Structures are given as C-alpha cells and as structure tokens.
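Structure here, sequence nowhere to be found:
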C-alpha cells in the first residue's frame, strides 16, 4: 500500500457516545464531572498504528513481541506474503468504499452502543468482524468460536448452526467501555463480508419464509405480511403465516408503515445500517462472490491459516448469480424501483452494478 492510502486509513475520525446521566454535583466535583463526560463522548481516531501498535487488550497475557498483529501485517506491505495479489484487491475495495462514502454521505453522526451489536470481537487474535446475515455469517461465527475457545472447539462445522447464533457465545463491541472500544477500533483488524444486495434479499426470503421449520418467522412476520398485503386471505394463512409470496414480502419491505413501526429484521436490513461502513473504517471488505479466497486472506492476516480453514462445504458457500433475477421476474417495475431505493446505498458503497433484469 502506498503512503497516501495508508494515511487515509490512519486519518479517519469518528465519534462514539453513550447516553449521559444528569446528576447534582458540588462545585469541587466539576473537574471530575468534566473528565467523566469527556470519556463518554470520545473522539475515536481511525489511524492504523503500524509503526508502534498497541498491545492486545483483555487477553490476560503479555503481548508477543515477535508476532505481528493482523493490522500490522495488512499495512506492512510484506512482500513475502502469499496473498499479495489478494491484498491489492482488498485495498481497491477499501478505496472504492471510502470514495463512495465521501460521494454519497454528507452527515456524520455519533455512534452509540446499539450501533456496535453486530461487531464481534476476538481479543486473542486482534480481530473485529461485523456479521451480516445471509453472507456466510454462521460459518464466520463458527470460525471465531474456534479461535476464541481455547481448545473447546477445534472444527468449525462440528459446531451446530443454532449454537453459533446463541447470544453470549461471542462478545460484541457494544459490551465494552468507551475507552476499551476505542482501543480495539484503533488496533484491531476490522473486516466485513458483503453480498450483492438483491441476491442476499432473495436468500433471506427463501430461508425465512419457504422453509417449514422457520415457524417463528412465519408467526412473527408472515402473519402480518399476509394480513396487510393479501386480498381476502384464508383463516389458515392468517394463523400460520407460512406461505408468504416474494411479491408480498417486497410489498411489506417498501410499505412506509413497516419501518415506522420497528426496524427491519437483521436478515433483510441493509449492510449500511448493520455495520456503518462510512463511520467505521473496515480494513478488509470481503465478498460472498469471492468468499473462499477472501476468507483465506483474513485467516492468513490473523496468522491462523495453518490451524483451521474456512468451511467450504454447506449451503452458505454456494451462490447463484441468477437467483434474484428469477424472483424479480414477477415484481412490477414500480415495486422494483422502490425496493432498489431501499438498498441503493449497499449497491453504491460496495461497488455492485444495478442488476440488468431491473425494469425501473
């Protein structure tokens, strides 16, 4: 990486805030109060400490002097790395994302703990991963469970999928104090994996509304969708909500009432809203379409490519670039345009072209 690109990564700044608490304080305590407030609304410096990295946080052991952190390895430009070509591709994605953020986002805002709930932390290997449902996140969670388990888990695919999603099995950035959050954001390698937005959306629909075992989604969302968007629904459909069509799902997504009532479910929420890529500087942007080499690059940067591999079997690694086209064939141009507007920023930020099949 050239010095100008590295400087851009180092120079990004963002603020993180937590809700303040009002209290009465004697005059002598004003300086103390000001200090406390300063820690609650703190400036997060998005520079990469390559020359003098901070030691790992929270591992309970002394840092290894000879071991480079993933962040150091990425920005060192080490010619001995096997992934030099892959690194150039990842660098290009970072630059495109930065340019898109500058072009298409005008307002910067404070991050809150709520914004950080999708960022999983691996203190042992200095990694932060923002998980995006329907982008191989089950397997990524399995991998991080192996990395952080101290030997309890050794094989990612041996971990049941439902166990990988249990709250509490992995720590998220929102669980730390503001100073601890800032240290990790400065010194850990931050990565996210994305997918063509409509392919991801269709995958979410197929998984949550066409499979018989997802009764919780059928009850929670299916019954509401059918009640609002189906003419003369039969009582069985209103009760079970297990036969939602893709057209009804699209109508639900673009209905203004939907997001007024509650946020989108994470399975169809935009990556921009889940991971805040214009507020958090991601060092690696992997893509579902190139999942295996991109995952290998991350594991190599973490120095663990010899101890485990990213799972290559299972449905999460299969992709069909024409899947969305088949589903959108029956969606009117009016709804196609409205749906595209919902996910427009994901297309722009991650350099996905407008699908040719759209009739907008």
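Now that the structure is in, tell me what you want to look at. Everything numeric in this text was worked out from a predicted model, so none of it was measured.

okay, and the helix or strand of the protein with the least pLDDT?
strand 41-46 (a mean of 36; mean pLDDT, DSSP states H and E).

So which other helices or strands are in contact with the biggest helix by length in the chain?
If you go by DSSP state H, the chain has its longest helix at helix 84-104. If you count contacts as 3 or more CB pairs under 8 Å, 6 or more residues apart in numbering; DSSP states H and E, helix 84-104 packs onto helix 3-11, strand 284-287, helix 291-301, helix 333-349. (Glycine included, C-beta is placed from N, CA and C.)

and the most centrally placed residue in the chain, what is it in contact with?
Nearest residue to the geometric centre of the chain (CA atoms, centre = their mean): residue 130, 3.3 Å. Residue 130 makes contact with 118-120, 190-192, 274-275, 280, 282, according to CB atoms under 8 Å, 6 or more residues apart in numbering.

Phi first, then psi, for it.
Torsion angles at residue 130 (phi, psi; degrees, to the nearest 10) stand at phi -90, psi 110.

For it, give its distance to residue 324.
23 Å (CB to CB, to the nearest Å).

for residue 233, same thing?
Residue 233 is 26 Å from residue 324, by CB to CB.

Of those two, which one has the most company?
residue 324 (21 against 18; other CB atoms under 10 Å).

So what touches the strand or helix carrying that one?
Residue 324 belongs to helix 323-328 when assigned by DSSP states H and E. With CB under 8 Å, 6+ apart as the test, helix 323-328 has contacts from 196, 198-199, 201-203, 205, 246, 336, 355, 357-358.

Give me the subset of those residues lying in helices.
Per DSSP H, these map to helices at 198-199, 201-203, 205, 246, 336.

Please indicate which of those has the highest neighbour count?
Of the ones in helices among the contacts of helix 323-328, with other CB under 10 Å as the count, residue 201 tops at 26 neighbours.

which residues touch residue 347?
Counted by CB under 8 Å, 6+ apart, residue 347 has contacts 197, 340, 353-354.

What of residue 104?
Here residue 104 is in contact with 345, 348-349 (CB under 8 Å, 6+ apart).

Now flag whichever of the residues you listed is closest to residue 288.
residue 349 (15.0 Å; CB to CB).

measure that closest one to residue 208 for me?
Residue 349 is 24 Å from residue 208, by CB to CB.

more neighbours, those two?
Taking neighbours as other CB under 10 Å, residue 349 and residue 208 compare with residue 349 leading, 25 against 22.

ok, now how distant is that one from residue 172?
22 Å.

next one: residue 183
Residue 183 is 16 Å from residue 172, by CB to CB.

gap between stretch 103-122 and the chain center?
10 Å (CA atoms, centre = their mean, to the nearest Å).

That one: end-to-end distance?
Taking CA to CA, to the nearest Å, stretch 103-122 runs 32 Å from one end to the other.

Tell me the secondary structure at residue 191.
Per DSSP: H, G, I helix; E, B strand; the rest coil, the secondary structure class of residue 191 is strand.

Next up, the contacts around residue 339.
198, 201, 250, 253-254, 331.

again, 7 Å this time
Neighbour list for residue 339: 250, 253-254 [criterion: CB atoms under 7 Å, 6 or more residues apart in numbering].

who wins for neighbours among these?
Going by other CB under 10 Å, residue 250 tops those with 23 neighbours.

My guess is it contacts residue 331. True?
Yes. Between residue 250 and residue 331 there is a contact under CB atoms under 7 Å: 5.7 Å.

what residues are up against residue 129?
120, 140, 144, 191 are the contacts of residue 129 under CB under 7 Å, 6+ apart.

Distance check, the third one against residue 119.
Okay, so that is residue 144. 12 Å.

cool, residue 171 as well?
10 Å.

returning to what we had before: give the buried residues for the helix holding residue 324.
324-325, 327-328 (16 or more other CB atoms under 10 Å).

Dump the residues you listed to JSON lines, plus distance to residue 293.
Below are those laid out as JSON lines (distance: CB to CB, whole Å):
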{"residue": "324", "distance to residue 293": "23"}
{"residue": "325", "distance to residue 293": "25"}
{"residue": "327", "distance to residue 293": "28"}
{"residue": "328", "distance to residue 293": "29"}
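
List just the nearest of the residues you listed to residue 238.
Residue 238 lies nearest to residue 327 out of these, by CB to CB, at 24.0 Å.

Check that closest one and give its pLDDT.
On pLDDT, residue 327 comes in at 96.

What distance do you get for it to residue 211?
Applying CB to CB to residue 327 and residue 211 gives a distance of 16 Å.

cool, and residue 144?
26 Å.

Please say which of the two ends up with more neighbours.
Per other CB under 10 Å, whichever of residue 144 and residue 211 has more neighbours is residue 144, with 24 against 12.

Quick check: the more buried one is in a helix.
Yes. Under three-state DSSP, residue 144 falls within a helix.

give the contact list for the nearest residue to it once chain neighbours are set aside.
Leaving aside its sequence neighbours, residue 144 sits nearest to residue 122 (CB to CB, 6 or more residues apart in numbering; 5.4 Å). Contacts for residue 122 (CB under 7 Å, 6+ apart) come out as 144, 147-148.

Residue 270 is in contact with residue 344, isn't it?
No. With contact defined as CB under 7 Å, residue 270 does not reach residue 344; the gap is 9.1 Å.

Of these two, which one has the most company?
Legend: neighbour count by other CB under 10 Å for residue 270 and residue 344, higher for residue 270 (19 against 15).

May I have the phi/psi pair for the more buried one?
The phi/psi pair for residue 270 (degrees, to the nearest 10) is phi -70, psi 150.
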